[in-house]
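S.K.: Based on what follows, work out the 3D shape:
(chains A and B)
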Amino acid sequence: MNGGFGILSLTIAVPAVGALLLALVPDAYTKAIKGLAIFLAAATFVVSLTVLSVFKGQSYHLQLVEQMNWLPQLGVSYKVGIDGISVWLFLLTTLLTLLSAIFSVYIEKRVKTYFVLMLLLEAAMLGVFVSLDLVLFYTFFEFTLIPMAMLVWIWGGAQRNYAAAKFFLYTFLASIFMLLGIIALANRYADVMPGHEFTFDLVKIQNAVASGVLWKGAGVLQPVLFWAFSLAFLVKCPMFPFHTWLPDAHTEAPTAGSMILAGVLLKMGTYGFLRIVMPLFPEATQQNMWIMLTLAVVGIIYGAIVAAVQPDVKKLVAYSSVAHMGFVMYGIFSLTHTGMVGGAYQQLNHGISTGALFLLIGLLYERIHTREFKAMGGLKAQMPVYAALFLIVMLSSVGLPGLNGFIGEFMAMAGGFQAAYQAGWAGLYLFAGLGVVLAAVYLLWMFQKVFYGKITNESLKGLKDLKPWEVGLVGVFVLFIFWGGIMPNTFLKPTEAAINATRQMVRNRPGARPVWGDLTYEVNEKGDLIRVDQRSDVGSYSGERIVLTNDYYLMEQPKAPMVAMGGGR
Amino acid sequence: MDTSAFNSVWWIFALPVFGFLWQCLAGKIVIDNLGDKLGKRIMGASAVLPIAAAFFIAVDLTGKLHSMPAESRSVVLTLFDWINIQSLHVPFEFRVDALSMMMVLIITGIGSLIHLYATGYMAEEKDYPRFFTYLNLFVAAMLVLVLGNNLVLTFIGWEGVGLCSYLLIGFWYKDVANSKAANKAFIVNRIGDFGFTIGMFLLIAQVTLDRNIIGITDPRWLSFDVLLPHADVLFKINPEITTMAALALFVGAMGKSAQFPLYLWLPDAMAGPTPVSALIHAATMVTSGVFLLNRMSPVFAAAPQAGAVIAIIGAATSLLGALIAFGQTDIKKVLAFSTVSQLGYMFIGCGVGAYWAGMFHVTTHAFFKALLFLGAGAVIHAMAHDQDMRNYGGLWKFLKITGATMLVGWAAIAGFPYLSGFFSKEEILGAAVNSDTVLHLGGYMWSTGQVAGWIGFVVAFLTAAYMTRMTLLTFFSGEGRWKTIAAGHGHDHDHEHGHHDAHAHAHHHEDPHGFFYSDAEMHARAVAEPHEHHHALDSHHVPKEVPPSMWMPLAVLAVLSLVGGAWLKYGVNLEHWLYPGAEAAEHAERVSHPMLLGISFTVFLAGVGFGFWKYAKGLPADEGWDLSLWKRWRTSAGRQFGIDAALTDGSLKGGAMLGAFLAGIDKWLIDGVVNASGRVAELAGGLLSRTQRGYVRGYALLMQAGVVALIFYVIYQLSHLGAGN
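M.R.: Next comes the predicted model:
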């Protein structure tokens, strides 16, 4: 497994080692610390970009895989790799961290600690998106909590103790179930597989699932483990009714913390479903998809309605995140091609548009030190450029066609509707679609409160418009908002093969499922698994564009892939 | 087929986009550097020119289309792949055919006239380039709507025009009432768009499920040229779903085209500058619903039940709008409800299957309603931005050109024989009263088509009457009533002329980042701020005729209103041009053509006669300032019969209550459970550790102990569970 060895580890290492370097700089040199931190974040971003140059979007297989033993006696290894599902999240992480680090020049308090934590957080998040070993995944997943909670705790607002503790404990407790699930899964694997190997290797376990060996006669174990993992991810997303930590954490977190929390951390939940839950628990996923879809729809409506009555800008955006992440879940649990690609894409769009909203709110907060609507109003006349940028970002969040938010929502809803229609539940869509109407209600209301009318607050009258570098910072988001809306293929194409394979891992019967571990297979134009004879490297697939013509052909799969391991005991 | 001859269609779209970018990026710089007068002249000209150029390209393309054989007059051009995944292929593609080019000609033709008018109307506006930024963007979005060759692309334009409408209604944003009207417009439209998406998704779901039966092989199955030829097959496979899809798309059309009950936003939209009302809320955007029905006509034709519903909703809307217009005193509101009413006509036409007649009325309505709105704008301009007709009267003496052109508009909309409105209205109502459109409901057959047609004649009477009312009260009926103006009358102002408060600013805190202006800069800003002189309407006011940039568009539109109908009917043969395949199927006419003419004449004369009888002498006392003298029905019409209050306030209050309720649930129930369990853990942790040093420590201890025990227990259990089989 050669081909760009080390890029993923290097990308994780730059912020991790960089954080240690940063810790060596004396506290007093705040300017140097800020400069170095931004440089490190930029370096990480640049290194992560090199992934794109070697990444092969046509293949569903995991690429740039690196593996070495970590705790061999326990079957734990350091194994990382990337595919179409994780590649954009990986890049989103480095980009958002860079942008929030640049914003963080406004930080005055305990500067060094702040940036050290931020870089550690980045390393952990990157680790989550590339881990191919369940223990490694869990380690990174949990490690993101510490720096994030510290960021809330030290640099947060008035309620920061409560918010930090709640964030930490809530998500940590939920993850405990995942840890139990991981251990049980490894046990099961050792029990049923010939050789009784004890492993946490995601690829190996998935292979056993795809062939049907792992879950044969497992009874309730599969649904139990499905819910153990799902609980951790549902809390992380967060899905209704596990969302209440989010508004508190967002309100109290410093701006950069909110940007990363909304932009990246929440995606770890939905990513977990795509990477772990769906491939490993296919039958349980199909059985429970309607529960998930219903939760998603309830979340979409509920989040939107509660957002509409919030007195605080950040709380409003936090609840809107509940609604928007509902669209992601709605798409990916539709288990249709359109829906899943749309849901996966919506993850990026939410990262961009909500990250940008928090950045904009932060820029204003630095100036007027309040986030209450009643202290604002009439800012359009005072800060026209700020208002224009805010408008674009808000419209992206509203899901205006032509901007990025629309594509993901549209595809997620189209897919969700296909699934619901086919199952005779088409009414479910009606409610999900209402979320789009409600998004307009609360976001336009927010815009009106902040920007329209006369200036009522005297202290706002002296405000200057944004500084050029601030405009540039928001401009990066605006660039992606237009890019993602006008040329979505840039982002959709590399994702497709991986999503298609993930969907087939769920939809197909055992034995006909794609296998990560078997590199001789790819998904062809009709969505069938085919054997690829000429394969020069991992992921380089010399066939034509992989085109699927009809979503519903795939449920009955004519050909079975070669499965590396045999049947049950 | 070689489509390169039609490549210039991209310029039609690109020119307004360039105009938009130029206005938004360079507008302020140009005006700041070249001075107010020259800068505005340059920006104004560069706003009009792209639209006018696009119009001439459209004329050229229409000519090319005309020279082609009728059956191949449809060209699809692809610019790039917009969404292209395995299960969904949506290119960015335009469709040049008779229908789209007709809309393009209206949009760019009338659009450039209104842009020209706006250069004069907005001349004193500080945010001049911002206005044209929005206006050019609107034209671009509207062009995508009509030219797009698939439903998703149409939807981009659909929401794009909604956005521009939102931005322009709230153009004078310092008045919160305007931004509330803008929000209302956007949100009500979004409800309609929700319907649009349901319709779209129903079609998507049907096609993806039954593609083999339907026989679609092209991956671009959302494109009109692929989907629409199969509409009748779709209907055969699943008639209920196709009817539902058609009705859902109609809900979208209801939102954009202000049909009952989604008409609520249109009257409030009059808060925007008058050129906006003319372009967006009369001539183009509000007719996009009719365009959609024409574009998707194979689907609607396959679902006749949907048509029956559309016809009756159209009739109800047109009746309601006409009745409400009698209760309005604001000249723009009269025209707004008149627009609602006329849009109802168009839907009657589409509902009974006379799609081309709907489009015919779209076109003639664009002529005369744009004319009337621009004329009203000229009157408002001349009357110091007072919009209340009760203050007008006798303006003919002062505003000869405006008055003459508006008289043409009045004649055209009222149904003066052989003017444009007369023809299109007659086509619609004739088709309706002769139609066989029936609705099967509750075991009965309801001839909604015929009923709609007869309601239409009643509305024609009402239209002639309220338009006569408006025209007489404004231009004739005695001396100018503003001369007797008394203090204390409420005036609606088109402009926000609020005083600039003294720029006292209270920041005395430190400002290390330079976020605030210094005191010297604040002073400079206060000086640079133009202090607009607000001249309110008073008894000494002398109305002045508007400048040529404003009356020239009026004159052109007046000519079109005079002859446009006859030209389209006899010169162009519009029915054949739009729907060449569907030659008029001659069926037994219930109401013969001469009889229709007779009814139309009678209705026109009766309506105008009624208007003269009531308003020729001046403002009747029972419609004056003293609202207590008003008749009950008129007061109630003025309040839109309470529909607006019931729906808007109801949903606002209900929404706020629901929001507060759910927020309470969130805080006390959902989060309450979380906090309560946290507190229990805290207590337990406190007992176990016997320390009270911080919450986190307590939690952590408990968790460590508990978790370790739990892990071991569960592993033990699960390993046996799995091994059991």
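S.K.: Could you check how far the nearest residue to residue A:474 once chain neighbours are set aside is from residue A:363?
M.R.: With sequence-adjacent residues excluded and distances taken as C-beta to C-beta, 6 or more residues apart in numbering or on different chains, residue A:474 is closest to residue A:389, at 4.8 Å. To be clear about C-beta, it is placed using only N, CA and C from the backbone, and glycine gets the same treatment. For residue A:389, the distance to residue A:363 equals 9 Å [C-beta to C-beta, to the nearest Å].
S.K.: Kindly report the same for residue B:528.
M.R.: Separation of residue B:528 from residue A:363 (C-beta to C-beta): 25 Å.
S.K.: do the same with residue A:89
M.R.: Residue A:89 is 25 Å from residue A:363, where distance means C-beta to C-beta.
S.K.: Kindly report the same for residue A:322.
M.R.: Counting by C-beta to C-beta - residue A:322 and residue A:363 are separated by 24 Å.
S.K.: can you check residue B:460 too?
M.R.: 57 Å.
S.K.: Those two - which one has more neighbours?
M.R.: Between residue B:460 and residue A:363, counting by other C-beta atoms under 10 Å in any protein chain shown, residue B:460 is the more crowded of the two (29 against 23).
S.K.: which ones are touching the more buried one?
M.R.: B:415, B:425, B:429, B:600, B:603-604, B:607 (C-beta atoms under 8 Å, 6 or more residues apart in numbering or on different chains).
S.K.: tell me which element it is part of?
M.R.: Using DSSP states H and E, residue B:460 sits in helix B:448-475.
S.K.: Return the distance of that helix from the chain's centre.
M.R.: Its chain's average C-alpha position is 22 Å from that of helix B:448-475, according to C-alpha atoms, centre = their mean, to the nearest Å.
S.K.: Could you give me the buried positions within it?
M.R.: B:448-453, B:455-457, B:459-475 (16 or more other C-beta atoms under 10 Å in any protein chain shown).
S.K.: Which of the three states applies to residue B:91?
M.R.: Per DSSP: H, G, I helix; E, B strand; the rest coil, the secondary structure class of residue B:91 is strand.
S.K.: Give me the nearest residue to it, chain neighbours excluded.
M.R.: residue B:78 (4.8 Å).
S.K.: What is the lengthiest helix in chain B packed up against?
M.R.: Looking across chain B with DSSP state H, the single longest helix is helix B:176-209. Under the contact criterion of 3 or more C-beta pairs under 8 Å, 6 or more residues apart in numbering or on different chains; DSSP states H and E, helix B:176-209 touches helix A:404-422, helix A:427-451, helix B:151-169, helix B:231-237, helix B:239-256, helix B:265-268.
S.K.: For residue A:106, give its distance to residue B:512.
M.R.: In this view, residue A:106 and residue B:512 are 10 Å apart by C-beta to C-beta.
S.K.: From the neighbour counts alone, determine which of those two ranks first.
M.R.: Between residue A:106 and residue B:512, counting by other C-beta under 10 Å, residue A:106 is the more crowded of the two (16 against 6).
S.K.: Starting from chain B, give me the distance back to that one.
M.R.: 7 Å (C-beta to the nearest C-beta, to the nearest Å).
S.K.: Contact partners for residue 149?
M.R.: Here I'm looking at chain A. By C-beta under 8 Å, 6+ apart, the contact set of residue A:149 is A:164-165, A:167-168.
S.K.: wrong chain, I was asking about chain B
M.R.: Neighbours of residue B:149 in contact, by C-beta under 8 Å, 6+ apart: B:76, B:93-95, B:223-225.
S.K.: In three-state terms, label the nearest residue to it once chain neighbours are set aside for me.
M.R.: Leaving aside its chain neighbours, residue B:149 sits nearest to residue B:95 (3.8 Å; criterion: C-beta to C-beta, 6+ apart). Judged by three-state DSSP, the three-state class of residue B:95 is strand.
S.K.: Tell me what residue B:95 is bridged to.
M.R.: Here residue B:95 shows beta-bridge partners residue B:76, assigned using DSSP bridges.
S.K.: who in the stretch 201-350 of chain B is up against chain A?
M.R.: Residues of the stretch 201-350 of chain B lying close to chain A (C-beta under 8 Å from any C-beta of the partner chain) are B:201-202, B:204-205, B:208-209, B:211, B:219.
S.K.: Restricted to buried residues, select these in PyMOL.
M.R.: Selecting only the buried entries of these in PyMOL, with 16+ other C-beta under 10 Å as the criterion:
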select buried, chain B and resi 201+202+204+205+208+209+211+219
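S.K.: Where do the helices of the stretch 201-350 of chain A begin and end?
M.R.: In the stretch 201-350 of chain A, the helices defined using DSSP state H, counting those that start in this stretch lie at A:202-210, A:221-236, A:245-252, A:255-260, A:267-272, A:278-280, A:282-307, A:313-332, A:337-368.
S.K.: any chance of those helices in JSON lines, with mean pLDDT too?
M.R.: Below are the helices of the stretch 201-350 of chain A laid out as JSON lines (pLDDT from 0 to 100):
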{"stretch": "helix A:202-210", "mean pLDDT": "90"}
{"stretch": "helix A:221-236", "mean pLDDT": "92"}
{"stretch": "helix A:245-252", "mean pLDDT": "89"}
{"stretch": "helix A:255-260", "mean pLDDT": "92"}
{"stretch": "helix A:267-272", "mean pLDDT": "94"}
{"stretch": "helix A:278-280", "mean pLDDT": "94"}
{"stretch": "helix A:282-307", "mean pLDDT": "91"}
{"stretch": "helix A:313-332", "mean pLDDT": "92"}
{"stretch": "helix A:337-368", "mean pLDDT": "92"}
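S.K.: Of all these, which one is nearest chain B?
M.R.: Comparison of the helices of the stretch 201-350 of chain A against chain B by C-beta to the nearest C-beta identifies helix A:337-368 as nearest, at 4.1 Å.
S.K.: touching chain B at all, the closest one?
M.R.: Yes: Helix A:337-368 lies within reach of chain B by C-beta under 8 Å from any C-beta, at A:337-338, A:341, A:366-367.
S.K.: Out of these, grab the one that's most surrounded.
M.R.: Going by other C-beta under 10 Å, residue A:341 tops the residues of helix A:337-368 next to chain B with 33 neighbours.
S.K.: That one is in contact with residue A:493, isn't it?
M.R.: No: the criterion here is C-beta atoms under 8 Å, and residue A:341 misses it with residue A:493 at 9.8 Å.
S.K.: Now the common contact residues for these two.
M.R.: Common neighbours of residue A:341 and residue A:493 (criterion: C-beta under 8 Å, 6+ apart): residue B:85.
S.K.: still on that earlier bit, what score does the residue nearest to residue B:91 have for pLDDT?
M.R.: At residue B:78, the model reports a pLDDT of 89.
S.K.: So what's the residue count around the nearest residue to residue B:186 once chain neighbours are set aside?
M.R.: Excluding its sequence neighbours, the residue lying closest to residue B:186 (C-beta to C-beta, 6+ apart) is residue B:166, at 4.2 Å. Neighbourhood size, residue B:166 [other C-beta under 10 Å]: 26.
S.K.: Next one: residue A:426 from residue B:90, what distance?
M.R.: Distance of residue A:426 to residue B:90, computed by C-beta to C-beta: 22 Å.
S.K.: if you count what's nearby, which of the two comes out ahead?
M.R.: Neighbours were counted for residue A:426 and for residue B:90 using other C-beta under 10 Å; residue B:90 has more, 25 against 19.
S.K.: correct me, but the more buried one touches residue B:155?
M.R.: No: using C-beta under 8 Å, residue B:90 is not in contact with residue B:155; the gap is 10.1 Å.
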